[in-house]
Every structure is written in C-alpha cells, then in structure tokens.
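*Asks:* Any chance you could fold what I've pasted below:
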Amino acid sequence: MNHFLDIHKTDPSVLRQIIDQAAVTKQARAGQPKAALDAELPLKDRMVALIFEKPSTRTRVSFDVGVRQMGGQTMVLSGRDMQLGHGETIADTARVLSRYVDMIMIRTFDETVLTEMAEYADVPVINGLTDRTHPCQIMADILTYEEHRGSIKGKKVVWAGDGNNVCASFLHAAGQFGFDLTFTGPAQLDPEDEFIGLARKAGSTIAIERDAKKAVEGADLIVADTWVSMHDSQSSKERRHNMLRGYQVNEELMSHAKPDALFMHCLPAHREEEVTSAVMDGPQSVIFDEAENRLHAQKAVMRWCIGA
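*Replies:* Purely as a prediction, here's the structure:
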C-alpha cells in the first residue's frame, strides 16, 4: 500500500515511473470513446472514495472518470456529508472508510486532515489538494511539459504571482525532477522558506526576482494561477489585485522568455487578471492539454498506490 501525499515525500524513481505510466496510458487510449474501459482493469471490483471539502471541477471529474475507465467504482462525498472532524475524529473516519473502500482521495483545507487520514487509514490515501500543496496538478504539468518539449530536467520554470499551494508543489517537483525555478511576485506572497529549502537541498537553483521581465529571461515554462480564492473577501481581492498587477502574464511578458517557452495555468483562470486571453489562447499555451493530463497522471498515481 502506498500513499501519494506530496511530491517531495515520493521517491524520484517512483515519480518517473508514474509519469511514464501516464504517458503510456494516454497513448493507449487515443481515439477511444471517453467512457471506454482500459485494456487492463487495475481497479476492477475496487471502490474509491472521493472526498471533497473544497469545491472542484477538474479534480472531481478527472478522478471519477479515471476510476471508471480503470474498471472501478466511485463514491463521491462532500464535507457536508461527512462533517470531517466535527464530531467523529479524522482517525475514526479513516478507520471506518477503510472497511468500506479500497482507496481514498481527499481534497481538503487543512493539511493535518490529509496526514491524519493517511496515518490511520488501512487503504491508500491520495492528496487531491490542501491549502499547502497540490501534487496531482504538478504531476499533470510535468507530463504536459515533457510531451511537448522532452525532459524537464535542467529546464527553467518561472512561477508568476502568488506563492500558493500549487507553487509549493512545483518547488517540491523542482528538487525531485531536477529543474530550476524562479519565483516572481510580491514579497508578501513569497512561497514558504521550507519548500524553497527542500528544493535547494536537492540541488535545484531556486531564485526570487521581483522584476517579472528579468525573471522570465531564458524561461522554458511560465506558470500562473489565480490571484484570489473564492473564499477571499472583497477587500482582500482588491489588495491582492493591487499587489499582483505587475505580474500579469501577457504577450509582452512572454516575449522576454525563450521563443519556444510554454505557458501553463491549472485553471480556472480569471482572464485579463493573472493572464490575458491572448496568452491563454495563444500558440505557447498548453492549458487544455494540462487539464486533460490530470486524468492520465492521476490514473498512474492510483495504479502505483495499489501496486498495479
């Protein structure tokens, strides 16, 4: 049994195995109807619980479809259905669910909910997102980059904007996959020192550059994310917009990167805020390949979790 909790907690050889499996799975399904079963059925007769304390489109649909394509069944549960930690402890919930299902994917707020679930569950637990990290997204991003440009090792990735949970998992991936990362954004929104330190300890060059144009010089990949969360107040949104306006990814900023640099965004995007439509819909954007690859990457993660 293997948990998939964070990229830096997973051996680099395993991460490479997952990416390679995802690429093979995607190629094998080319041209098939979306509901067609995979040739192998690694999740046949297995039940997977998908728990969502946070709203979701891509995570919910991609995990649900992936389980079904691999021959399994899903049980989708919301935080309201379960009231995680509001009565029954997380530990007891984990123990109970382990008697009913073969795997648990959880998308939650507090990282401790994820770690406690994994500690007490007798089945694999997958991190579908927490406030600190989003490893499945970055696995899809690595897959996307490599299918367009080859190995990401030694490449320069630039994160523009808020050093949030997706940025944190990119820093984890930098150390594990051997690429460099430059963060460009306001000092108030820098990524956590712990995550920067982990990547540097693993041998990656991690830089912070306040000038966005300088930051993207020589970049192979530029990544952005939303500036505000759905839970932010109006006043908080206004403050963030004021802080981040100079880090918008637009055609002028992209022109300072390598001519063949790619642009990614995990979606949903606020067009004309963190990124312009001209970039999102332009030739360097791979955002919809990136969204599709959540499906393939997560199927490979689930296979590894059950040893298939």
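*Asks:* which other residues reach the helix or strand of the chain with the lowest mean pLDDT?
*Replies:* None of the helices or strands of the chain scores lower by mean pLDDT, DSSP states H and E than helix 79-82, at a mean of 77. Under the criterion C-beta atoms under 8 Å, 6 or more residues apart in numbering, residues 51-54, 93, 108 lie in contact with helix 79-82. (Glycine included, C-beta is placed from N, CA and C.)
*Asks:* quick one: the strands in the stretch 51-200 of the chain?
*Replies:* 73-78, 103-107, 125-129, 156-160, 180-184 (DSSP state E, counting those that start in this stretch).
*Asks:* would CSV of the ones you listed with mean neighbour count, mean pLDDT and distance to residue 86 be doable?
*Replies:* Below are these laid out as CSV (neighbours: other C-beta atoms under 10 Å; pLDDT from 0 to 100; distance: least, C-beta to C-beta, whole Å):
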stretch, mean neighbour count, mean pLDDT, distance to residue 86
strand 73-78, 16, 95, 13
strand 103-107, 26, 97, 15
strand 125-129, 26, 98, 20
strand 156-160, 25, 98, 35
strand 180-184, 23, 98, 36
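*Asks:* How about the residue nearest in space to the middle of the chain, nearest residue that isn't a chain neighbour?
*Replies:* In the chain, the C-alpha nearest the mean C-alpha coordinate belongs to residue 137, at 1.7 Å (C-alpha atoms, centre = their mean). The shortest distance from residue 137 to any non-neighbouring residue, by C-beta to C-beta, 6 or more residues apart in numbering, is to residue 266 (5.0 Å).
*Asks:* cool, and residue 153?
*Replies:* Nearest non-adjacent residue to residue 153 (C-beta to C-beta, 6+ apart): residue 178, at 4.2 Å.
*Asks:* Wait, that neighbour touches residue 203, no?
*Replies:* Yes. Counting by C-beta atoms under 8 Å, residue 203 is a contact partner of residue 178 at 7.0 Å.
*Asks:* Neighbour count for the two, which is higher?
*Replies:* Comparing residue 178 with residue 203 by other C-beta atoms under 10 Å, the one with more neighbours is residue 178, at 16 against 10.
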